[in-house]
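In: Give me a 3D structure for the following:
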Amino acid sequence: MKLPPGVTFHEAHGLFIWRPRGVLNEATINKIIAFVGEQEATFGKPFNRFTDMSAVDSVDLNFKFIFHVALYRRLSYAGCPKVKSAFYVYTPAAAHYAKLQAILTDRSLQT
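Out: From the prediction side, this is the model:
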């Protein structure tokens, strides 16, 4: 498996780690979402995620995009086992978007 830049995958623990760098924007997130979807299809199950945002210089996102990502997650993971996501944030902007994502996906994976 060829991993995107900043990605580590620990198969034995079912853990996907992403350390984005520079500007965090829609294109970058869309690439990671596609990669995660492909890998979960290959392995036949979802896995937990950890995002270390300490190397992110700026965040170029908006509510509409975050809402669509959360909606995608809710719909595509319905009926699947719980998936845990954790964010390490270093700036108020990164914290804002991590909290927004958490609020929009709250309880979305409980059966």
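In: what residue ranges in this structure are flagged as low confidence?
Out: Within the chain, the ranges that satisfy pLDDT under 70 run 107-111.
In: Off-centre distance for the helix or strand hosting residue 41?
Out: Following DSSP states H and E, one finds residue 41 within helix 26-43. Relative to its chain's centre, helix 26-43 lies at 9 Å (Cα atoms, centre = their mean, to the nearest Å).
In: Adjust the sequence numbering to begin at 39 for everything that follows.
Out: From this message on, residue numbering opens at 39, which makes the last subject helix 64-81.
In: other SSEs contacting that helix?
Out: Based on contacts counted as 3 or more Cβ pairs under 8 Å, 6 or more residues apart in numbering; DSSP states H and E, the elements that helix 64-81 packs against are strand 45-48, strand 53-56, helix 101-114. Just so you know, the C-beta spots here come from the backbone N, C-alpha and C atoms, and that holds for glycine as well.
In: what's in contact with the longest one?
Out: For helix 101-114, the external contacting residues (Cβ atoms under 8 Å, 6 or more residues apart in numbering) are 64, 67, 71, 75, 135, 138, 139, 142, 143, 146.
In: and if we set it to 7 Å?
Out: The list of residues contacting helix 101-114 from outside it, by Cβ atoms under 7 Å, 6 or more residues apart in numbering, reads 64, 67, 71, 135, 138, 139, 142, 143, 146.
In: Work out for me the element the fourth one sits within.
Out: With the criterion set as DSSP H and E, the secondary-structure element containing residue 135 is helix 130-143.
In: Report the buried residues of that helix.
Out: The neighbour-count check on helix 130-143 (16 or more other Cβ atoms under 10 Å) flags 131, 132, 135, 136, 138, 139, 142, 143 as buried.
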